[in-house]
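Q: output the structure for:
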Amino acid sequence: MHIQAHFPLHDYNTFHIDACARYFVEIDKQSDIRALRSDPVLSALPWYVLGEGSNILLTRDLEGVVVRNRFRQLRVMKEDDESLWVSVGGGMHWHDLVTWSVDNNLWGLENLALIPGTVGAAPAQNIGAYGTEVQDLITRVQALDLFSGERHEFRNADCEFSYRSSIFKREYRNQMLIHRATFRLRKLEAGQANLVYDPLREALADIPENNLTPRHVYETVIRMRREKLPDPEKEGNAGSFFKNPVVDEAYFAVLQEKWPDLPHHHLPGGGIKIPAAWLIEQCGWKGRCLEGTDACVSSKHALVLVNRGHATGEQILALSRAIQTDVMHTFGIHLEPEVIIL
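A: Alright, predicted model coming up:
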């Protein structure tokens, strides 16, 4: 364990914002937390958990202790004729886990290929894409208390998963470090492709469903994401900046009367989800920048805000607020950020 002071975070956030941490430390042992807490200076400061910085917007220097998760070990816990349970360190790169599952002909994670971030961020954010939600694959999460260093175990129901959120993003944000997450994956003959997302099903239409493998889906998802989303290495971004809003039936009817072609998706538990990207594009923001800055909306996807060079976190935030204002004035819908703003 090595504590570094005044540590630059430019390369540790995918927006590539210039900001510094007062102290920065990488943790790969449970005892590291107790050792850090024994220092009265460090213990008195706020602590921030950092994975790969792929879902944060830094608007200032962090005057505290930035803790980076480096638990990376993968262990197969058990298996039966149909399933395999794998426990994965929270610091492992998410796409590496997805690739491992595909290499082993396991169903479950393939729709979530190429999502940036760590395994620990997956339950915290409750990531989802192309019809798959990670909450449906997680059986338990182990987390370390950042005050005491004690390990706590959460079963799926304890995580209080909701749309792009969980207890770790809300009540336990920067209080718990996700040490390990356990996933139940299906073996090749016992599972099948999740093709509820129409564009994915259409992209795989040439392959008979009973011949599909996890690799077919994985490679198609990667191709679709690369075509649709900007590369963070070329244009700094954190993926989808806003959550897709959900409205009730009555308000949707009002909206549809004015915008008959309004895209939507009926949710099983009630409510109608509307693509935030469509709302933003209708307001004329796709490809536009905040005047005089490099804070822009991607020309590839209106839900992605990008740093085209030298934007500050404050400028990206100002852009997001301008978009929120226009969408509210036009549609009467509040866009809630998916990205954590610090």
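
Q: counting contacts, what elements does the helix or strand of the chain with the lowest mean pLDDT pack onto?
A: The weakest-scoring helix or strand in the chain, judged by mean pLDDT, DSSP states H and E, is strand 265-266 (a mean of 86). Strand 265-266 is packed against strand 272-273, with contacts defined by 3 or more CB pairs under 8 Å, 6 or more residues apart in numbering; DSSP states H and E. In this view, the C-beta of every residue, glycine as well, is placed from N, C-alpha and C.

Q: the strand it packs on pairs with which strands, and in what direction?
A: Sheet pairing of strand 272-273 (DSSP bridges) gives strand 246-247 (antiparallel), strand 265-266 (antiparallel).

Q: among the ones you listed, which is the most enclosed?
A: Of all the strands paired with strand 272-273, strand 246-247 has the most neighbours on average by mean count of other CB atoms under 10 Å, namely a mean of 18.

Q: so who does residue 57 touch?
A: 13, 15, 17, 238, 313, 316, 317, 339, 340, 341, 342 (CB atoms under 8 Å, 6 or more residues apart in numbering).

Q: who wins on neighbours among the residues you listed?
A: In terms of neighbours by other CB atoms under 10 Å, the contacts of residue 57 top out with residue 316 at 29 neighbours.

Q: name the SS class of it, please.
A: Per DSSP: H, G, I helix; E, B strand; the rest coil, the secondary structure class of residue 316 is helix.

Q: that one reaches residue 305, doesn't it?
A: Yes - judged on CB atoms under 8 Å, residue 316 makes contact with residue 305 at a distance of 5.8 Å.

Q: list residues touching both of these two?
A: Shared contacts of residue 316 and residue 305, counting by CB under 8 Å, 6+ apart, come down to residue 295.

Q: can you give me the helices in the stretch 201-342 of the chain?
A: Counting by DSSP state H, counting those that start in this stretch, the stretch 201-342 of the chain has helices at residues 214-228, 249-258, 276-282, 313-331.

Q: looking at those, which is buried most?
A: Ranked by mean neighbour count, the helices of the stretch 201-342 of the chain are led by helix 276-282 with a mean of 21 (mean count of other CB under 10 Å).

Q: may I have that helix exported as CSV, CA atoms only?
A: Taking Å, rounded to 0.1, in the frame of the first residue of the first chain, the C-alpha atoms of helix 276-282 are listed here in CSV:
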residue,chain,number,x,y,z
ALA,A,276,-33.6,10.2,-23.1
ALA,A,277,-31.5,10.4,-26.2
TRP,A,278,-34.6,11.0,-28.3
LEU,A,279,-35.8,13.8,-26.0
ILE,A,280,-32.3,15.4,-26.2
GLU,A,281,-32.1,15.1,-29.9
GLN,A,282,-35.6,16.7,-30.4
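
Q: which pLDDT does the model give the closest residue to residue 18 other than its chain neighbours?
A: Leaving aside its chain neighbours, residue 18 sits nearest to residue 10 (5.3 Å; criterion: CB to CB, 6 or more residues apart in numbering). Per-residue pLDDT puts residue 10 at 94.

Q: for residue 247, same thing?
A: For residue 247, the model assigns a pLDDT of 93.
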